[in-house]
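Asks: One predicted model, sequence on top.
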Amino acid sequence: MASATSPPVRVRFCPSPTGNPHVGLVRTALFNWAFARHTGGTMVFRIEDTDAARDSEESYNQLLDSMRWLGLDWDEGPEIGGPHAPYRQSERMDIYADVAKKLQDAGHAYDCYCSTPELDERRTAARAAGRPSGYDGHCRDLTAEQVEAYQAEGRPSIVRFRMPDEPITFTDLVRGELTFTPENVPDFGIVRANGAPLYTLVNPVDDALMEITHVLRGEDLLSSTPRQVALYKALIELGLAKYVPAFGHLPYVMGEGNKKLSKRDPEASLNLYRERGFLPEGLLNYLSLLGWSFSADQDVFTVAQLIEKFDIADVNANPARFDLKKAEAINADHIRMLDVKAFAEACTPWLRAPFANWAPEAFDQAAWEAIAPHAQTRLQVLSDITANVDFLFLDEPVHDEASWAKAMKGEPAALLTTARAKLEAADWSSAEALKEAVLAAGEEHGLKLGKAQAPVRVAVTGRTVGLPLFESLEILGKDKALTRIDAALAKLAA
């Protein structure tokens, strides 16, 4: 939290609109957002869209939609504006060109005329000699005659930033004090030969001009930080920045095989979790645990509790492993935390659309409201609701063949015949009475309740696993249930 002498916290989330958002990106957004909300600071949402070949408007819209779905609101940025607009880099090109010129005029940057083959040759020679293979400063101090000669050749040039000839030290909020020596952080390009600014320039320039106080980002960007620290100091000297922000590099998220979770990994796609019916609160709860913990004995908490407790100082530097089963289990806990009405409404996308396709009049709102409390205790993701309750709304259940084969062993026809007779005579206003009927049928055939109810469940619902059977029978109703048992008996006799 900001002290009396430090500026108010300002953090940023600055993705590129390239493809579907992934969970690593969401984790970064979440930690920035939680830190801003915890400290009473400002969340800046910025779009880094200077790569015309890869960026797309579709991805831009997906980013905004994803942030809204997750509930990660922003204080400045697209659709909101703010004092540092515009918030899309593609609309800030004049700013970058002006800053690059000022850096060159002040001697902090210079034109580099080295060709790619020349750079490759010198790097190879450096590696062979056991020296660092970064840029060797060839064009750092060219004379006017050398520059004139290169220009006469028609050589293109890029703009390089001049790194200081001294170590760069900063205190990472996650990893502690870090030092990078000059030989390991050579001069770097900030503007391409065609005049297009590079990430190495635009990212820190935007952070400086937008007065970002804390840069919380992935560990993969740690190697670029000493360059940005040096650039910040140059911008401060030019009056374009007020301070060097504090940096915190978040741990890698690891996938299968202990490899870094990649955009190409199926479980990395945010869309997967939306389509499967994760609750935003459940997904955010789980993602917050990738490098941070609420407490030693509590993994499930609300977004409000996360905001109250979150501190970047508590983030662990060690890699975090993505565990889909744990994510599902935490999401299941959040499903059960909903009140029944909210749960029923949340399931709507996975209910009305499928049943409208099969039979528009089939969806029975009263039956759904009756079964919802039982369904809520069983689901891990909302999309599971369809397979759990479709038997209520279809003329015939969708028989899973594996379930049929598993349940219809021994003498299922005899058991079903007995169960049907006892169910027909039972009180259908009581799930307990229906249970007693099936239990009695099982006893007549030497079967315990578990074995006795399996053929009944498959006959009525189509599956061996599902919601509590006797409550389901009560809600389905006597006529439909007995008709389905008759159909199963006919199938067995065929």
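Replies: That came through, no problem. Numbers count the residues shown, from 1 in each chain.
Asks: For the rest of this, base every contact and every neighbour count on C-alpha atoms.
Replies: Fine.
Asks: list the buried ones in the helix or strand containing residue 124?
Replies: Taking DSSP states H and E as the definition, residue 124 sits inside helix 116-128. By 16 or more other CA atoms under 10 Å, the buried positions in helix 116-128 come out as 119, 122-123, 126.
Asks: Any chance of JSON lines for those residues, columns distance to residue 262?
Replies: Formatted as JSON lines, the buried residues of helix 116-128 follow (distance: CA to CA, whole Å):
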{"residue": "119", "distance to residue 262": "30"}
{"residue": "122", "distance to residue 262": "33"}
{"residue": "123", "distance to residue 262": "29"}
{"residue": "126", "distance to residue 262": "32"}
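Asks: Using a markdown table, lay out those residues together with pLDDT and distance to residue 343.
Replies: Converted to a markdown table, the buried residues of helix 116-128 look like this (pLDDT from 0 to 100; distance: CA to CA, whole Å):
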| residue | pLDDT | distance to residue 343 |
| --- | --- | --- |
| 119 | 95 | 61 |
| 122 | 94 | 64 |
| 123 | 93 | 61 |
| 126 | 90 | 63 |
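Asks: got a pLDDT number for residue 392?
Replies: Looking at residue 392, its pLDDT stands at 91.
Asks: Equivalent analysis for the one 10 residues further on, please.
Replies: Note for residue 402: predicted pLDDT of 93.
Asks: Give me the distance between it and residue 414.
Replies: 21 Å (CA to CA, to the nearest Å).
Asks: got a list of what the closest residue to residue 135 other than its chain neighbours touches?
Replies: With sequence-adjacent residues excluded and distances taken as CA to CA, 6 or more residues apart in numbering, residue 135 is closest to residue 186, at 5.7 Å. The contact partners of residue 186, by CA atoms under 8 Å, 6 or more residues apart in numbering, come to 134-137, 163.
Asks: make it 7 Å
Replies: Shown in contact with residue 186 (CA atoms under 7 Å, 6 or more residues apart in numbering): 134-135, 163.
Asks: Looking at residue 402 and residue 414, which one has more neighbours?
Replies: residue 414 (13 against 10; other CA atoms under 10 Å).
Asks: Next secondary structure after the helix or strand that that one is a member of?
Replies: Element membership for residue 414, per DSSP H and E: helix 412-424. Heading C-terminal from helix 412-424, the first helix or strand you meet, by DSSP H and E, is helix 431-444.
Asks: Report all helices and strands that that next one contacts.
Replies: Packing partners of helix 431-444 (3 or more CA pairs under 7 Å, 6 or more residues apart in numbering; DSSP states H and E): helix 412-424, helix 449-461, helix 469-476.
Asks: one step back: which of the contacts of residue 186 count as buried?
Replies: For those, a neighbour count by 16+ other CA under 10 Å gives the buried set as 134-135, 163.
Asks: out of those, which are inside strands?
Replies: Applying DSSP state E to these, no entry is found in strands.
Asks: export the residues you listed to a markdown table and tack on pLDDT?
Replies: A markdown table is the format used below for these (pLDDT from 0 to 100):
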| residue | pLDDT |
| --- | --- |
| 134 | 90 |
| 135 | 95 |
| 163 | 97 |
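Asks: Name the nearest of these relative to residue 387.
Replies: Distances from residue 387 to these, taken as CA to CA, are shortest for residue 134 (57.8 Å).
Asks: Let me see the backbone angles for the closest one.
Replies: phi -70, psi -180 (degrees, to the nearest 10).
Asks: Spatially nearest residue to it (excluding sequence neighbours)?
Replies: Going by CA to CA, 6+ apart, residue 134 has residue 186 as its nearest residue, at 5.9 Å.
Asks: now swap in residue 236 and tell me
Replies: Residue 236 sits nearest to residue 242 (CA to CA, 6+ apart), 5.8 Å away.
Asks: can you tell me how far the one you found sits from residue 207?
Replies: Counting by CA to CA - residue 242 and residue 207 are separated by 11 Å.
Asks: The two: who's more crowded?
Replies: Using other CA under 10 Å as the criterion, residue 242 and residue 207 rank with residue 207 on top: 23 against 17.
Asks: does that one sit in a helix or strand, and which one?
Replies: Residue 207 belongs to helix 199-209 when assigned by DSSP H and E.
Asks: in that helix, what's buried?
Replies: 200-208.
Asks: how long is stretch 283-299 end to end?
Replies: Terminal-residue distance, stretch 283-299 (CA to CA): 12 Å.
Asks: Stretch 82-101 too?
Replies: 26 Å.
Asks: Provide the contact partners of that stretch at residue level.
Replies: Contacts for stretch 82-101 (CA under 7 Å, 6+ apart): 46-50, 76-78, 197, 202, 210.
Asks: tell me which element residue 249 falls in.
Replies: Per DSSP H and E: residue 249 is located in strand 246-250.
Asks: Show me what the next helix-or-strand element following that strand packs onto, helices and strands only.
Replies: As assigned by DSSP H and E, the chain's next helix or strand after strand 246-250 is strand 253-254. The contact analysis (3+ CA pairs under 7 Å, 6+ apart) places strand 253-254 against strand 320-321.
Asks: following the strand it packs on, which helix or strand shows up next?
Replies: helix 324-337.
Asks: List of residues touching that following helix?
Replies: Against helix 324-337 from outside (CA under 7 Å, 6+ apart): 278-279, 282-283, 286, 300, 343, 376-377, 379-381.
Asks: buried ones in it?
Replies: Buried-residue list, helix 324-337, by 16+ other CA under 10 Å: 327-336.
Asks: Just give the number of residues close to residue 378.
Replies: So residue 378, with other CA under 10 Å, has 17 neighbours.
Asks: With residue 41 instead?
Replies: Counted with other CA under 10 Å, residue 41 comes out at 20.
Asks: and it, backbone torsions?
Replies: According to degrees, to the nearest 10, residue 41 has phi -90, psi -160.
Asks: which ones are touching it?
Replies: Listed by CA under 7 Å, 6+ apart, the contact partners of residue 41 are 8-10.
Asks: quick one on the thing from earlier: as JSON lines, the contacts of stretch 82-101 with pLDDT, secondary structure and distance to residue 316 would be great.
Replies: Formatted as JSON lines, the contacts of stretch 82-101 follow (pLDDT from 0 to 100; DSSP: H, G, I helix; E, B strand; the rest coil; distance: CA to CA, whole Å):
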{"residue": "46", "pLDDT": "97", "secondary structure": "coil", "distance to residue 316": "26"}
{"residue": "47", "pLDDT": "96", "secondary structure": "strand", "distance to residue 316": "28"}
{"residue": "48", "pLDDT": "93", "secondary structure": "coil", "distance to residue 316": "27"}
{"residue": "49", "pLDDT": "91", "secondary structure": "coil", "distance to residue 316": "31"}
{"residue": "50", "pLDDT": "84", "secondary structure": "coil", "distance to residue 316": "32"}
{"residue": "76", "pLDDT": "98", "secondary structure": "strand", "distance to residue 316": "29"}
{"residue": "77", "pLDDT": "97", "secondary structure": "strand", "distance to residue 316": "29"}
{"residue": "78", "pLDDT": "96", "secondary structure": "coil", "distance to residue 316": "32"}
{"residue": "197", "pLDDT": "96", "secondary structure": "strand", "distance to residue 316": "34"}
{"residue": "202", "pLDDT": "97", "secondary structure": "helix", "distance to residue 316": "29"}
{"residue": "210", "pLDDT": "98", "secondary structure": "coil", "distance to residue 316": "28"}
